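Engineer: pasting the sequence and the predicted coordinates here, then a few questions.
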Amino acid sequence: MLLTIVSILASITGIIMSLSHFSQAYKIYKRKSAKDISLIFILVFTIGAYVWLAYGLILQEWPVIISFLIACFGTTTVLFLTLKYR
């Protein structure tokens, strides 16, 4: 029971945190500028998100998979926009 509650809370928290990348992507897109975005930071964060996704897939842990699937999409979007509007 406690493990189920913790898994649900972890999933919700992970999803909320992963959605934060979309606000950055929107800001870059709206301003058509990514001059204040650290390319190294977003590149490292994107790689880390994909590693966590792979880890979740290997362990078949749905809270990790769902959270980092969203994170991968968000960070990849920010990375793409950063490269496009640099």
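Structural biologist: Looks like it arrived, so ask away. Residues are numbered from 1 along each chain as shown.
Engineer: just the helices from the chain, written as ranges.
Structural biologist: According to DSSP state H, the chain carries its helices in the segments 2-31, 39-59, 62-84.
Engineer: may I see the buried residues of the last one?
Structural biologist: By that I understand helix 62-84. 63-72, 74-79, 81-82 (16 or more other CB atoms under 10 Å). Where you see a C-beta, it was placed from the backbone N, CA and C, and this is true even at glycine.
Engineer: picking that back up, Serialize the helices of the chain to TSV and add fields for mean pLDDT.
Structural biologist: TSV is the format used below for those (pLDDT from 0 to 100):
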stretch	mean pLDDT
helix 2-31	89
helix 39-59	96
helix 62-84	94
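Engineer: now do the contacts for the most centrally placed residue in the chain.
Structural biologist: Centroid-nearest residue in the chain, with CA atoms, centre = their mean: A71, separated by 1.9 Å. Shown in contact with A71 (CB atoms under 8 Å, 6 or more residues apart in numbering): G14, M17, S18, H21, A49, W52, L53.
Engineer: let me know the pLDDT of K32.
Structural biologist: We have a pLDDT of 96 for K32.
Engineer: I'd like the numbering to begin with 52 instead of 1 from here.
Structural biologist: Taking 52 as the first residue, the last one we looked at is K83.
Engineer: now it: how far from Y77?
Structural biologist: 12 Å (CB to CB, to the nearest Å).
Engineer: so which of the two has more stuff around it?
Structural biologist: A side-by-side neighbour count of K83 and Y77, using other CB atoms under 10 Å, places Y77 first with 13 against 9.
Engineer: so what's the more buried one up against?
Structural biologist: Counting by CB under 8 Å, 6+ apart, Y77 has no contacts.
Engineer: could you do I67 as well?
Structural biologist: Taking CB under 8 Å, 6+ apart, one finds nothing in contact with I67.
Engineer: what about 10 Å?
Structural biologist: S118, I121 (CB atoms under 10 Å, 6 or more residues apart in numbering).
Engineer: please apply the same query to the one 5 residues further on.
Structural biologist: Going by CB under 10 Å, 6+ apart, H72 touches 93, 96-97, 100, 121-130.
Engineer: what's the most distant pair in the residues you listed?
Structural biologist: Across the contacts of H72, the longest distance by CB to CB is 15.8 Å; it joins I93 and I121.
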